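Enquirer: below is the sequence, then the predicted model.
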Amino acid sequence: MLPRRNLLLIALCIAPEAAYSQSPCIGVQFGAFGKSIIYTIAQKEGFFAQENLTVCYNQVTGSVQQFDSFENGTYDLISTAADNIVNRVANQSKPMVMLAGLDRGPGFVLAGNTANGIHSIADLKGKPIEVDAPDSGFVFALRRILKANGLLLENGDYSLRVVGGSFQRYQVLVAGSVVPPGGGPAQPSYATLLNSPFPQQAALGQPNITILARVSDYINPYQSGTIAATTQYVETHGDTIVSFLRATINAGLFFKNPQNCDRIIADIVSDQGLTVPVATAVLDEALSPVFGESPIALMSRTGLVNVIQLRAEFGGFTNPNINAYRPFLARRDGIRFQPRAEVRSFAILPVIPQCQPTSGAALVWPDLIASRARKIPFFLPFKPAHSKVCAA
């Protein structure tokens, strides 16, 4: 069983997921696999309300469902893995952008069920492993872990079984069995990738769940969580996005203050339905400088480069001109990835100077300049002259 201090966290500190649901509330429709601690703080401590925002949380069950709802306009903003945007922009030319980073690195762990004979990675040979989608970035992270331990998907050393989001996979792993999508007898569940709060819950109450590997031991930094929007929403709702991000950053500053620890734990318990011990463990890991949440919503340049390189390593780009190992060109308003001279480069990451406000100051997010957005950017460019405003 995983000691609490060794538990890993993805920036999306995920609360237990139910079935896919459309929020009945009227406001900014936000679709996510789970609630980060900073999101919970923004809701419970009134930072969204200060911006006159009503943010409606919508529980998603998997990447396919999330992006179907995102593209048809059901969701205005989503919390999703950076690789999901990279994949859809680079491979499908989807008009969507990343607006903010949620984490400092990968907090996923590869967990196995000892009751089904899984005590080490070697025990996974010949076994199916539960995943969200076969082409997700975290599957590539899984493949790197297994490759480093002598198991190759292309050699048939293991297989992938699509189950759904983190909560669905956790339920299956704890139960030790899964019913095939087409029906029939239940089959053993052997292993899957898990992220917070599920490793914490397992450590505090599921003795059959063991941690086989940590993603951060094989790839780090790795940009996991992001906030994303469609380019159409950016062009028509720039003020809403600025307010959402400003509330998120101010919630992050509240999150960083150690004097707020007890209030944050109470917020997690109330909003995410976790016990106090699990909520405490989740917060403990969320504060990690290695893979915790990003208080001011910055993305990691190196982490995003690693996302692209990992996808390229396993043939995850359909465009042969995309070569993740080409240089990244630094710019005032971001870095641009230019795979080949004849291919139009696309924006990846804006340079947002850190603002260190004085006590009681408000951090104002950069102005969104929708007219300067490239047609298919990974990341919305910002106007350098309005990079930050710190107001007492």
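Expert: Okay, I see it.

Enquirer: what sits against F140?
Expert: Shown in contact with F140 (C-beta atoms under 8 Å, 6 or more residues apart in numbering): D83, L310, R311, E313, F314, G316. For glycine as for every other residue, the C-beta is placed from the backbone atoms N, C-alpha and C.

Enquirer: for the fifth one, list the residues it contacts.
Expert: The contact partners of F314, by C-beta under 8 Å, 6+ apart, come to F140, R143, R144.

Enquirer: and the spatially most central residue of the chain, how far from L53?
Expert: Centrality entry for the chain: nearest residue to the mean C-alpha point is G225, 2.4 Å, by C-alpha atoms, centre = their mean. Counting by C-beta to C-beta, to the nearest Å, the separation of G225 from L53 is 20 Å.

Enquirer: likewise for A312?
Expert: 38 Å.

Enquirer: F33 too?
Expert: Noted for F33: a distance of 21 Å to L53, by C-beta to C-beta.

Enquirer: and the two? Which one has more around it.
Expert: Taking neighbours as other C-beta atoms under 10 Å, F33 and L53 compare with F33 leading, 26 against 17.

Enquirer: find me the pLDDT at that one, would you?
Expert: You'll see F33 listed with a pLDDT of 90.

Enquirer: is it true that F317 touches A90?
Expert: Yes - the criterion here is C-beta atoms under 8 Å, and F317 meets it with A90 at 5.9 Å.

Enquirer: and the helices in the chain?
Expert: Taking DSSP state H as the criterion, the chain carries its helices at 37-44, 47-50, 63-71, 82-92, 137-148, 166-175, 198-203, 231-236, 238-256, 261-272, 276-286, 301-313.

Enquirer: let me know which of those is the nearest to I211.
Expert: Closest to I211 of the helices of the chain, according to C-beta to C-beta: helix 198-203, at 6.7 Å.

Enquirer: what about the strands in the stretch 51-200 of the chain?
Expert: Secondary structure of the stretch 51-200 of the chain (DSSP state E, counting those that start in this stretch): strands located at 55-59, 77-81, 96-101, 109-113, 128-131, 159-162, 177-178, 187-188, 191-194.

Enquirer: in this structure S136 contacts N84, no?
Expert: Yes - using C-beta under 8 Å, S136 is in contact with N84, at 6.9 Å.

Enquirer: the two: who's more crowded?
Expert: A count of neighbours by other C-beta under 10 Å puts N84 above the other of S136 and N84, at 25 against 22.

Enquirer: isn't that one up against D135?
Expert: No - taking contacts as C-beta under 8 Å, N84 lies outside contact range of D135: 9.8 Å.

Enquirer: now the protein, which segments are flagged as low pLDDT?
Expert: The chain contains residues with pLDDT under 70 at 1-23, 106, 319-392.

Enquirer: could you rerun that using 50?
Expert: Low-confidence segments of the chain (pLDDT under 50): 1-20, 323-392.

Enquirer: give the contact list for G150.
Expert: Applying C-beta under 8 Å, 6+ apart, the residues near G150 are A122, D157.

Enquirer: distance of it from Y158?
Expert: Between G150 and Y158 the distance is 11 Å, computed by C-beta to C-beta.

Enquirer: cool, and E285?
Expert: 28 Å.

Enquirer: more neighbours, the two?
Expert: When neighbours are counted by other C-beta under 10 Å, E285 comes out ahead of the other of E285 and Y158, with 26 against 21.

Enquirer: I figured that one hits A203, correct?
Expert: No - applying C-beta under 8 Å as the test, E285 and A203 come out as separate, 10.9 Å apart.

Enquirer: out of the strands of the stretch 51-200 of the chain, which gets nearest to S294?
Expert: Here strand 96-101 is closest among those (C-beta to C-beta), at 5.1 Å.

Enquirer: who touches the closest one?
Expert: Against strand 96-101 from outside (C-beta under 8 Å, 6+ apart): 11, 70, 77, 82, 85, 88-89, 223, 225-231, 234, 241, 245, 248, 294, 297-300, 303, 373, 377-380.

Enquirer: list buried residues within the contacts of F140.
Expert: D83, L310, R311, F314, G316 (16 or more other C-beta atoms under 10 Å).
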